[in-house]
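Trainee: what follows is a predicted structure for the sequence shown.
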Amino acid sequence: MNFIDNIVFNACITTGIICRPNCPPGRRTKPENRIYFKSLDEAYNQGFRDCLVCKPSIGPPGPWAPKKQ
């Protein structure tokens, strides 16, 4: 089993936003407001949208990579 098979996306039920596992704003979500999805399609079907910071639908699957400065 590789890393990509284990990716879980976390979403905030109060904002309707889905994030990559290590996205800074996503990590600040209170545990009682957080739910997890195995795929982006599952989250989209339930009405969630992409985070504007980590953009989970853009680029390869995996953790968020901050911009290099």
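Mentor: Everything's here; your move.
Trainee: grab the most central residue of this protein for me.
Mentor: The residue lying closest to the centre of the chain (C-alpha atoms, centre = their mean) is residue 19, at 2.1 Å.
Trainee: so what's the nearest residue to residue 23 once chain neighbours are set aside up against?
Mentor: Excluding the flanking residues, the one nearest residue 23 by C-beta to C-beta, 6 or more residues apart in numbering is residue 54, at 3.8 Å. Backbone N, C-alpha and C define where each C-beta goes, glycine included. For residue 54, the contact set (C-beta atoms under 8 Å, 6 or more residues apart in numbering) comprises 19, 20, 23, 25, 26, 64.
Trainee: show me what counts as buried in the longest helix anywhere in the chain.
Mentor: When the chain is parsed with DSSP state H, its longest helix is helix 40-45. For helix 40-45, a neighbour-count test (16 or more other C-beta atoms under 10 Å) marks 40, 43 as buried.
Trainee: same for that helix, what does it pack against?
Mentor: strand 9-12 (3 or more C-beta pairs under 8 Å, 6 or more residues apart in numbering; DSSP states H and E).
Trainee: and the strand it packs on, what's its mean pLDDT?
Mentor: What strand 9-12 shows for mean pLDDT is 92.
Trainee: who does it touch, helix- and strand-wise?
Mentor: strand 17-19, strand 34-37, helix 40-45.
Trainee: any idea how far the longest one is from the chain center?
Mentor: Put simply, helix 40-45 sits 11 Å off its chain's centre (C-alpha atoms, centre = their mean, to the nearest Å).
Trainee: next: the second one.
Mentor: In terms of C-alpha atoms, centre = their mean, the gap separating the centre of strand 34-37 from the centre of its chain is 9 Å.
Trainee: for it, give the mean pLDDT please.
Mentor: What strand 34-37 shows for mean pLDDT is 92.
Trainee: check which helices and strands it is in contact with.
Mentor: Secondary elements touching strand 34-37 (3+ C-beta pairs under 8 Å, 6+ apart): strand 9-12.
Trainee: what pairs with the strand it packs on, parallel or antiparallel?
Mentor: strand 17-19 (antiparallel), strand 34-37 (antiparallel) (DSSP bridges).
Trainee: redo these as JSON lines? Include distance to residue 49.
Mentor: Converted to JSON lines, the strands paired with strand 9-12 look like this (distance: least, C-beta to C-beta, whole Å):
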{"stretch": "strand 17-19", "distance to residue 49": "6"}
{"stretch": "strand 34-37", "distance to residue 49": "13"}
